[in-house]
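Asks: Quick one: sequence plus predicted model below, questions after.
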Amino acid sequence: MNTSTKIKLSVMMFLQFFIWGGWYVTMGPFAGNNLHATGAETGALYSTQSWGAIIAPFIVGLIADRYFNAERILGVLHLVGAVLMYQCYAAVDISAFYPYVLGYMIVYMPTLALVNSVSFSQMKDPEKEFSTIRVWGTIGWIVAGLAISFLFHWDAAENISQGFLKYTFLMSSIASVILGVFSFTLPATPPKVSTGKVVVSDVLGLGALKLLKDKNFLVFFIASILICIPLAFYYQNANSFLTEIKVDNATGKMTIGQVSEVAFLLALPIFFKRFGFKWTILVGMLAWALRYVMFAYGNAGELSFLLITGIALHGVCYDFFFVSGQIYTDSKAGPQIKSAAQGVITLATYGVGMLIGFYIAGLISDAYNTPAGHNWNMIWLIPAGIAAVVMLLFFIFFNDKSKTEAVIEA
């Protein structure tokens, strides 16, 4: 991969996750404080991500693997997303806000698979090259969080009450315009499937579901769904939790998780080579359970180190499960269904798993909410237990010794 291509892919990843990190983390406190949303309503807002992820394989299978260049549809989707994000900024109540968030996530979630497809198509050795590109997405998320807390101070207590968090949506809208235009300069990623014969299942991206015939990939797919149930608790509740217990600059402090993500992303190829895919995934699952226990018993005072450590574990949680899972999926998919395969794993994680997770997280948040505040101890111990059970099941049933392990160990 030449330097020009590497720079373009890095900028693409930076903007892709700057946009997401620019509004997604703070939507919980914004909805609760400014739109007066309940826990269930906040869960519904976050579950729009899941509906988008469920639809994503169909969009990607239709356009990126069959008819249109991936980089072109990436640009179109981000331009449409910019308009919807601006409408989120302008919305004044939950009934007006929800449809625009839903529409935005339907056009945004397919782009997660598309940026991976564009990247992988330029790589000869994804196991070694992908992490150096993907790390720029994490840096983009970090920059967005730091800007919110330390540059604009939108998440300061007095500014939250005045509705300043709405400007996070305006910031993301502007970034979406930039990425939408920039996408048309990315390396050409043409469709790899012949359009001579149209098969409905392939057009809808369902051809990649044949990967589920592989017993180990099926176990990985199911585990991906289950581990995203506790993951939803973090995305929905973490910023609100830190804000409620009076942690200063909560959004900025949460970027510690992305800083650790950068470090562990760069270390991922080394861990892969030494321990293999199965143990990499298991360490990621263990990190989810540990971080929630730390959240359950940490506070803004003398036990604040538990909160910081729990946030810092995000690098292990995300990289060792999600990024390694994307690489594993790419190794299992043939050249004709690479984009659709990434869409399928997006469906399992950000789609089905988080849809269930956000629903459960909303119910749990309301169940442990009293006039005195939330019982955060129980709200965090429940997903910790779920993560521990998933880890045990994956350890027992997954035993892949195929080409991925061979490539990693070579």
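Replies: Received the coordinates, thanks.
Asks: Looking at Ser194 now. What's its pLDDT?
Replies: pLDDT for Ser194: 58.
Asks: Going along the chain, name the strands of the chain.
Replies: 369-370, 373-374 (DSSP state E).
Asks: The first one: partners in the sheet, and parallel or antiparallel?
Replies: So that's strand 369-370. strand 373-374 (antiparallel) (DSSP bridges).
Asks: just how off-centre is the partner strand within its chain?
Replies: 27 Å (CA atoms, centre = their mean, to the nearest Å).
Asks: With stretch 337-353 instead?
Replies: Taking CA atoms, centre = their mean, one finds stretch 337-353 lying 12 Å from the centre of the chain it belongs to.
Asks: Then stretch 326-343?
Replies: For stretch 326-343, the separation from the chain centroid amounts to 18 Å (computed by CA atoms, centre = their mean).
Asks: Tell me which residues touch Thr132, please.
Replies: Thr132 is in contact with Lys6, Leu266, counting by CB atoms under 8 Å, 6 or more residues apart in numbering. (Glycine included, C-beta is placed from N, CA and C.)
Asks: mind running it again at 10 Å?
Replies: By CB atoms under 10 Å, 6 or more residues apart in numbering, the residues touching Thr132 are Met1, Lys6, Leu9, Ser10, Leu265, Leu266, Pro269.
Asks: same check, this time on Ala250
Replies: Contact analysis of Ala250 by CB under 10 Å, 6+ apart lists 25-26, 29, 145, 148-149, 155-157, 160, 238-244, 300, 307, 311.
Asks: Of the residues you listed, keep whichever come out buried.
Replies: Among those, those buried by neighbour count (16 or more other CB atoms under 10 Å) are 25-26, 29, 145, 148-149, 155-156, 160, 238-244, 307, 311.
Asks: With Ala113 as the reference, measure out to Ala232.
Replies: Going from Ala232 to Ala113 by CB to CB, to the nearest Å gives 20 Å.
Asks: The two - which one has more neighbours?
Replies: Neighbour count, other CB atoms under 10 Å: between Ala232 and Ala113, Ala113 has more, with 31 against 26.
Asks: Is it correct that the more buried one is in contact with Thr349?
Replies: No. Taking contacts as CB atoms under 10 Å, Ala113 lies outside contact range of Thr349: 11.1 Å.
Asks: what do those two both touch?
Replies: Common contacts of Ala113 and Thr349 (CB under 10 Å, 6+ apart): Ala53, Gln326.
Asks: For the residue nearest to Ile337 when sequence neighbours are not counted, the count of nearby residues, please.
Replies: Once flanking residues are discounted, Ile337 sits nearest to Ala208: 4.6 Å by CB to CB, 6 or more residues apart in numbering. Neighbours of Ala208 under the rule other CB under 10 Å: 28.
Asks: One more: Thr3?
Replies: When neighbours are counted by other CB under 10 Å, Thr3 comes out with 7.
Asks: Then Ala175?
Replies: Ala175 has 24 neighbours, counted by other CB under 10 Å.
Asks: measure it to Ile133 for me?
Replies: Here Ala175 is placed at a distance of 18 Å from Ile133 (CB to CB).
Asks: Then Val262?
Replies: Per CB to CB, Val262 is found 13 Å from Ile133.
Asks: between those two, who's got more neighbours?
Replies: Here Val262 and Ile133 are set side by side on neighbour count (other CB under 10 Å), and the busier one is Ile133, at 25 against 20.
Asks: Hmm, the more buried one is touching Gln122, no?
Replies: Yes. Counting by CB under 10 Å, Gln122 is a contact partner of Ile133 at 8.8 Å.
Asks: Spit out the residues that contact the two alike.
Replies: Met1, Thr5, Lys6, Lys8, Leu9.
Asks: dump the residue contacts of the fourth one.
Replies: For Lys8, the set of contacting residues under the criterion of CB under 10 Å, 6+ apart consists of Asn2, Glu71, Val118, Gln122, Ile133, Phe182, Ser183, Thr185, Leu186, Pro187.
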